[in-house]
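>>> Okay, predicted coordinates and the sequence, questions at the end:
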2 protein chains.
Amino acid sequence: MNVSNVFSGIQKQMPEEIIETIVQSHQIKIERIISRSHSTSEGEWYDQGRNEWVLILKGNAGLLFEGNDQTVIMKTGDYLNIPAHRKHRVEWTCPEGETIWLAVHY
Amino acid sequence: MNVSNVFSGIQKQMPEEIIETIVQSHQIKIERIISRSHSTSEGEWYDQGRNEWVLILKGNAGLLFEGNDQTVIMKTGDYLNIPAHRKHRVEWTCPEGETIWLAVHY
C-alpha cells in the first residue's frame, strides 16, 4: 500500500499553476492543484462538463461564479460543490506561500 | 454557493465514530469520518464493493491490510487508495484529539 502526502513534493519554482492527477477512473478524477498567487486569466471562465467538489487543503482563494457580484472566499478546510456547467473563475489565490486544492471531478 | 469547512461542527461527545456524507451521486460518495481513538472491532475487516480513496485531514491512524504483517501508519496529509474488496481494518487512531478522514468511494 503506497502512502503519499498532499503537502509533499511541491516544487519551489512554479511559473504556472500545477495540476496533478491522484486518482483517475471512468467515474472520477481526483486532482491536487497547487497555486501560488495564480488566478484564472482575465475574462476567462471555467465551464466544465462534470461536477467538481473542491477543498482547500492549505492557503486561501477567491472564487467568482457567473452572475454573482461577490467573490466567494475560501480558506483552509473550506469546501464547495460546483455543479457541471456552473461557470466560475479563480479571482485570486494567497499571495504568500502556496494554496493547495483537492478537486474531485465526478 | 455554500461553503462548509471540514474542521468545523465537530461534536464534543463522540461515543462512536461519526460518518457524514458530504457528496452523494450515482458514481461517488464523499464522506467525512471523525474518529476519536476509535478502531475497527476486534477480528472485523472492511470488505467494500467499491474503491475507496482516503486522506487524513487531521490526526493519525494505523491501517492493517489482510495478508500484511505491518500496519500502515498514516499522518496528516497522507492518502491511500484502497481497491474494492481489499480487506482492511483500522488498528488505531490518535488517542488525543480527533482524527478526521476524507473518504471518496467510487
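Happy to help now that I have it.

>>> A:Arg86 and B:Val6: what is the separation?
Per Cβ to Cβ, to the nearest Å, A:Arg86 is found 21 Å from B:Val6. Just so you know, the C-beta spots here come from the backbone N, C-alpha and C atoms, and that holds for glycine as well.

>>> Ok, A:Asp69 next?
From A:Asp69 to B:Val6 the distance is 27 Å (Cβ to Cβ).

>>> Assign a three-state SS to whichever residue of chain A sits closest to chain B, would you?
As assessed by Cβ to the nearest Cβ, chain B sits closest to A:Gln27 within chain A, at 3.9 Å. A:Gln27 carries the three-state label coil when classified by DSSP: H, G, I helix; E, B strand; the rest coil.

>>> Just give the number of residues close to it.
Residues lying near A:Gln27 (other Cβ atoms under 10 Å in any protein chain shown) number 15.

>>> out of A:Arg86 and B:Val6, which sits in the more crowded spot?
Neighbours were counted for A:Arg86 and for B:Val6 using other Cβ under 10 Å; B:Val6 has more, 23 against 17.

>>> per-residue confidence at that one?
With respect to pLDDT, B:Val6 scores 98.

>>> Find the nearest non-adjacent residue to it, please.
Excluding its sequence neighbours, the residue lying closest to B:Val6 (Cβ to Cβ, 6 or more residues apart in numbering or on different chains) is A:Gly77, at 4.8 Å.

>>> Give me the neighbour count for that neighbour.
By other Cβ under 10 Å, neighbour count at A:Gly77 equals 18.

>>> And the strands in chain A?
In chain A, the strands defined using DSSP state E lie at A:4-5, A:18-24, A:29-35, A:52-58, A:61-65, A:72-74, A:78-82, A:88-93, A:99-105.

>>> re the thing from before, spell out which residues sit in contact with the residue nearest to B:Val6, please.
By Cβ atoms under 8 Å, 6 or more residues apart in numbering or on different chains, the residues touching A:Gly77 are A:55-56, B:5-8, B:57.

>>> One more pass at 10 Å, please.
Shown in contact with A:Gly77 (Cβ atoms under 10 Å, 6 or more residues apart in numbering or on different chains): A:55-58, B:3-8, B:57-58, B:100.

>>> is A:Thr18 in a bridge, and if so with what?
Heads up, residue A:18 is Ile, not Thr. Beta-bridge pairing of A:Ile18 under DSSP bridges involves A:Ile34.
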